[in-house]
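Sequence and computational prediction follow.
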Amino acid sequence: MAVKRRRRSNASDAAQAGEKMAHIKNGNGTNAQADAAKRQPTNTPDFTIGQLRKAIPAHCFERSLVRSLLYLLVDLSMIAMLYVGSTYIDSVEDSRVRYGVLWPLYWFFQGAVGTGVWVLSHECGHQAFSKYQWVNDGVGLVFHSLLLVPYYSWKHSHRRHHSNTGSVDKDEVFVPKVRDRVTEDFEWEQFGPYRLVKLMGSLLLGWPMYLLFNVKSRPYPGHTWVNHFDPWSPIFSKRERIEVAVSDVSLVAVIYGLYRAGEAWGWGWLIKTYGIPYLIVNFWLVMITLLQHTHPSLPHYTDSEWDWLRGALATVDRNYGWLLNTLHHHIADTHVTHHLFSQMPHYHAQEATEALKPILGKYYQKDDRFIFKALWQDYAACRYVAPDVAGSGILWQRA
């Protein structure tokens, strides 16, 4: 209790100090007091995770194997129909129609539906797909591998992300740069064209760079190459090494299958049919993850301030529009609930979110801006984190 009171006091003191900084400008010239008015509270919440659980209807925690399999079957059926439709595209004589309309439509929808399969496999890693771990891991391994995701490796690192969300010391994904104070010197990241190139590089290559080189994750001192494929990587414990190796073997099998398909039906066919939709899946994955945890209103914490509940709350629901929200199985517009109760299947998350909102109050953050506008604005406004008061363990995004 003494620790909780100290943290509540520290958070309150830092918040009050931040509100007094009306004369201080952040990196893009906006008023810090105006930003503070929209910030998520950082005091220890008056509610507990147990109280939040009781507020949600009990059936929302029920995992139905049949229902989950039906969602997967619908996704796979859409993928099959899109593929069959794509076999007619090259018979269209006008190349402008082929490459200006039909192939882009195929790539968009195949990438969006593929992201839905990615989300269902992600639920397998959380044991939200069904009550049976062997089913969850079997389904997750097969379909994540088909999307070139090392299922077990990512499952373990992602679990640590959920255990340490919002911690600049121990989180695993999109850990921001930390500075001890706000700086106002011009930096190239503030230059629009440079920022655009960097953003597009992150969206298109960020996922494989994370898997291969642990980019945008926490540091592991003493290790020169940290990745998701080495069973002895510091990301994993000893008991997880065999499963990491299983993931590697599964990926080798899929890559070999893709190689044989390219040899048989042509590399152009493989790139158009699989390669570009695969990049779009990666695009959505990075964008979703980036935007759920990167927002001017969300705090990050050092070890001196962090606790699990405040960290789990340091995420924001985003609106991608009805179509993408549906195809992505509502991973973006119910992300707060997902971080609080990761074993809850996606088809109950909307109902659970509505039940939680009255209790969460200002701790619940939602952003309904057009998603690409939000991406550009927040990527500019969230270049690094720094405290309002020197030495505080509560850090805020800065432009």
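That came through fine.

Residue 39 touches residue 395, doesn't it?
No. At 11.6 Å, residue 39 does not count as touching residue 395 under the criterion of CB atoms under 8 Å. All C-beta atoms are positioned from the backbone trio N, CA, C, and that covers glycine.

hey, what's in contact with both of these two?
In terms of CB atoms under 8 Å, 6 or more residues apart in numbering, residue 39 and residue 395 are both contacted by the residues residue 299.

Quick check: residue 396 is in a strand.
Yes. Looking at residue 396 with DSSP: H, G, I helix; E, B strand; the rest coil, it is inside a strand.

contacting residues for residue 47?
359-360.

how would you label it: helix, strand or coil?
Quick answer, by three-state DSSP: residue 47 is coil.

and it, what are its phi and psi?
For residue 47, the backbone dihedrals (degrees, to the nearest 10) come out as phi -100, psi 160.

And it, how far from residue 363?
8 Å (CB to CB, to the nearest Å).

Check residue 251 too.
For residue 251, the distance to residue 363 - CB to CB - is 39 Å.

tell me the centre residue of this protein?
Nearest to the geometric centre of the chain sits residue 289, at 2.0 Å (CA atoms, centre = their mean).

can I assume it sits in a strand?
No. Residue 289 is assigned helix when assessed by three-state DSSP, not a strand.

dump the residue contacts of it.
173-174.

so who does residue 391 touch?
So residue 391 contacts nothing (CB under 8 Å, 6+ apart).

how many neighbours does the residue nearest to residue 163 when sequence neighbours are not counted have?
In this structure, residue 163 finds its nearest non-sequential neighbour in residue 308, 7.3 Å apart by CB to CB, 6 or more residues apart in numbering. Using other CB atoms under 10 Å, residue 308 is surrounded by 15 other residues.

got a list of contacts for stretch 138-149?
Under CB under 8 Å, 6+ apart, the answer for stretch 138-149 is 72, 114, 117-118, 120-122, 124-125, 129, 150-152, 154-155, 246-247, 250-251, 253-255, 278, 281.

Now that stretch: buried residues?
139-141, 143-149 (16 or more other CB atoms under 10 Å).

likewise stretch 376-390?
So, applying 16+ other CB under 10 Å, buried residues of stretch 376-390: 378-389.

what do you get for stretch 333-347?
Residues 333-342, 344-347 are the ones in stretch 333-347 that count as buried (16+ other CB under 10 Å).

before we move on, what about stretch 88-103?
Applying 16+ other CB under 10 Å to stretch 88-103 flags 89, 102-103 as buried.

Export the residues you listed as CSV, with columns for distance to residue 232, secondary structure and pLDDT.
Written out in CSV, the entries for those read as follows (distance: CB to CB, whole Å; DSSP: H, G, I helix; E, B strand; the rest coil; pLDDT from 0 to 100):
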residue, distance to residue 232, secondary structure, pLDDT
89, 45, helix, 98
102, 47, helix, 98
103, 42, helix, 98
